[in-house]
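Asks: Any chance you can model this:
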Amino acid sequence: MKKQKNDRLLGTIAILTIIIAWIVGANLAEGDVYPSLHIAFPEADRFEPINGSGYTAIQTQSAETIIGYVSIATASGYGGPMRVAVAVDLEGNIHGISIVSTKETASWMRKVLATDYVETFKGKSYQDTFQLNEDVDGITGATYTSRAIADAAMIGSRYVAGKHLALEVPEDITPPIQFGIPEITLIGLFAIGYFGHQRKFKYKKQARWASMIIGMVVLGFIYTSPLTISDVNKFLLGFWPAWQTNLYWYLLIGGILLVFTVDNKNPYCEWFCPFGAAQECMGAIGGAKSRSVGRSKNLLLWVQRGLAWLAIILALLFRNPGLSSYEIFGTLFDLTGSSWQFALLGIILIASLFIRRPWCTYLCPLRPVTDLYRTFRKWILESWKTLRKRKAA
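Replies: Coordinates of the predicted model:
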């Protein structure tokens, strides 16, 4: 009973601090955009703001001459909104683009900026469709980021063409619904989990292993689409991208919340988390077991919760879902990450040979989130039952 009270008290404090961080973060001033304007339109000597609707690019070599306009366009990336400076010449063609601010993780952005992807937009017309893999080549492994830049380029160029150049702009086309292998796989995994959790189901162990292997291969190695603390932060920040092009994300978050709320079961972590499956595969090789850590168990639990809380607080303060993410999923499945992430991945994989799911047990930030959700779910249900009993009496 005392532990339950402590969990509820600390959970309430955690939620209050998260709310405060959200409010403070919402009021933080945005960064200076002028460096990005000069990158997008280096020929301009100065930029004049136009009533909050962009900037006029001016050249002052002999006489002041307008050479184009720059619009700050926003599109949804993997980590949240991405702001892009889109420079457009007087004919409505893109002169250059520059990233003003992004919520993507640093490793993803480095991967994108290391290519010539940004340069491919130069010379494109506001009349182009900017569709990935049609008239714009995306970057393998960074689809969401690629699409965000392409969407921002289209939005910015068409805004300038219609607003400042008085050109006839094509009507916006509703993006087609993207429903493919990842979405089908996700629905199938939820179904396997549903039937596997039934008491009368005889092949629970086999179903769970099948679910984990499919999740690891399809959602992990092929599509690199695991659930991370960044996804939780996006949800809290209200960074909800267009459902037509991000159906997978909505199915994943919505499915987990639905099952958790109705059945109090975690359909993701134990059944088809790609990284959890990778650890269990290593454990099957080395004969891993759940290891007792004695008196340190409670300490390690609160360290894990503290890290998760800090990751959420920093993300909300700086309005950047992936800012404080310390997870190593991408390091394994996409071979993307810093040197310390690769070192940590090596330690976790080796430890997985002897300890069952060491990352999930001691470090994963999602476990504290699910623990908090489960604590408040139980608290609400108990309060509701107590209230009903009082009314009945």
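Asks: Just the C-alphas of the longest strand along the chain, formatted as CSV.
Replies: When the chain is parsed with DSSP state E, its longest strand is strand 65-76. C-alpha atoms of strand 65-76 as CSV (Å, rounded to 0.1, in the frame of the first residue of the first chain):
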residue,chain,number,x,y,z
THR,A,65,17.2,45.4,-56.9
ILE,A,66,14.7,42.7,-55.8
ILE,A,67,16.1,39.4,-57.0
GLY,A,68,13.6,37.1,-55.4
TYR,A,69,11.8,36.1,-52.2
VAL,A,70,12.2,33.7,-49.3
SER,A,71,9.4,32.0,-47.5
ILE,A,72,9.7,30.1,-44.2
ALA,A,73,7.7,26.9,-44.8
THR,A,74,6.8,24.3,-42.3
ALA,A,75,6.2,20.5,-42.9
SER,A,76,6.1,17.5,-40.7
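Asks: now for it, which elements pack on it?
Replies: For strand 65-76, the packing partners by 3 or more CB pairs under 8 Å, 6 or more residues apart in numbering; DSSP states H and E come out as strand 55-59, strand 81-89, helix 143-163. C-betas here are computed from N, CA, C, even on glycine.
Asks: most packed of those?
Replies: Of all those, strand 81-89 has the most neighbours on average by mean count of other CB atoms under 10 Å, namely a mean of 26.
Asks: Distance from the chain centre to stretch 176-195, please.
Replies: Here the centre of stretch 176-195 is set off from its chain's centre by 19 Å, with CA atoms, centre = their mean, to the nearest Å.
Asks: Wasn't Val293 part of a strand?
Replies: No - counting by DSSP: H, G, I helix; E, B strand; the rest coil, Val293 falls outside a strand, being coil.
Asks: which one of the helices and strands packed on strand 65-76 lies closest to Lys297?
Replies: helix 143-163 (38.0 Å; CB to CB).
Asks: if we can go back for a sec, state the paired neighbours of the longest strand of the chain in the sheet, together with their directions.
Replies: With DSSP bridges as the test, strand 65-76 is paired with strand 55-59 (antiparallel), strand 81-89 (antiparallel).
Asks: for Phe41, phi and psi?
Replies: phi -130, psi 70 (degrees, to the nearest 10).
Asks: okay, now Tyr268: neighbour count?
Replies: Tyr268 has 24 neighbours, counted by other CB atoms under 10 Å.
Asks: Could you number the chain from 2 rather than 1 from now on?
Replies: Let's use 2 as the start, then, which means that last one is Tyr269.
Asks: Provide a list of residues in contact with Lys266.
Replies: 194, 198, 260 (CB atoms under 8 Å, 6 or more residues apart in numbering).
Asks: In the stretch 102-251 of the chain, where is pLDDT below threshold?
Replies: In the predicted model, the stretch 102-251 of the chain carries pLDDT under 70 at residues 136, 139-143, 174.
Asks: those helices in it, which residues are they?
Replies: All helices of the stretch 102-251 of the chain, identified by DSSP state H, counting those that start in this stretch, fall at 107-114, 144-164, 182-197, 205-215, 230-238, 248-264.
Asks: Which positions within the last one qualify as buried?
Replies: What that stands for is helix 248-264. Burial within helix 248-264, assessed by neighbour count using 16 or more other CB atoms under 10 Å, is assigned to 248-250, 252-254, 256-257, 260-261.
Asks: For Ala208, state which of those residues is nearest.
Replies: For these, the residue nearest Ala208 by CB to CB is Val260; the value is 15.6 Å.
Asks: which one is that closest one nearest to, not counting chain neighbours?
Replies: Pro268 (4.4 Å; CB to CB, 6 or more residues apart in numbering).
Asks: okay, now that neighbour: neighbour count?
Replies: Neighbour count for Pro268, taken as other CB under 10 Å: 22.
Asks: in a helix, that's where it is, yeah?
Replies: No - under three-state DSSP, Pro268 sits outside any helix and is assigned coil.
Asks: which ones are touching it?
Replies: 191, 194-195, 256-257, 260-261.
Asks: And the pLDDT at it?
Replies: Per-residue confidence (pLDDT) for Pro268: 86.
Asks: next one: Pro275
Replies: Reading off the model, Pro275 has pLDDT 96.
Asks: Tyr224 is in contact with that one, correct?
Replies: No - taking contacts as CB atoms under 8 Å, Pro275 lies outside contact range of Tyr224: 9.5 Å.
Asks: who's more crowded, those two?
Replies: Neighbour count, other CB under 10 Å: between Pro275 and Tyr224, Pro275 has more, with 25 against 20.
Asks: So what's the residue count around the residue nearest to the more buried one when sequence neighbours are not counted?
Replies: Of all residues not flanking Pro275 in the chain, Gly221 sits nearest, at 3.0 Å (CB to CB, 6+ apart). Gly221 has 24 neighbours, counted by other CB under 10 Å.
Asks: how close does Gly221 sit to Leu11?
Replies: To Leu11, Gly221 is 33 Å away according to CB to CB, to the nearest Å.
Asks: I'd guessed the residue nearest to Pro275 sits against Ile214; true?
Replies: No - using CB under 8 Å, Gly221 is not in contact with Ile214; the gap is 10.0 Å.
Asks: Next, the contact list for Arg320, please.
Replies: Listed by CB under 8 Å, 6+ apart, the contact set of Arg320 reads 26-27, 29, 81, 104, 238.
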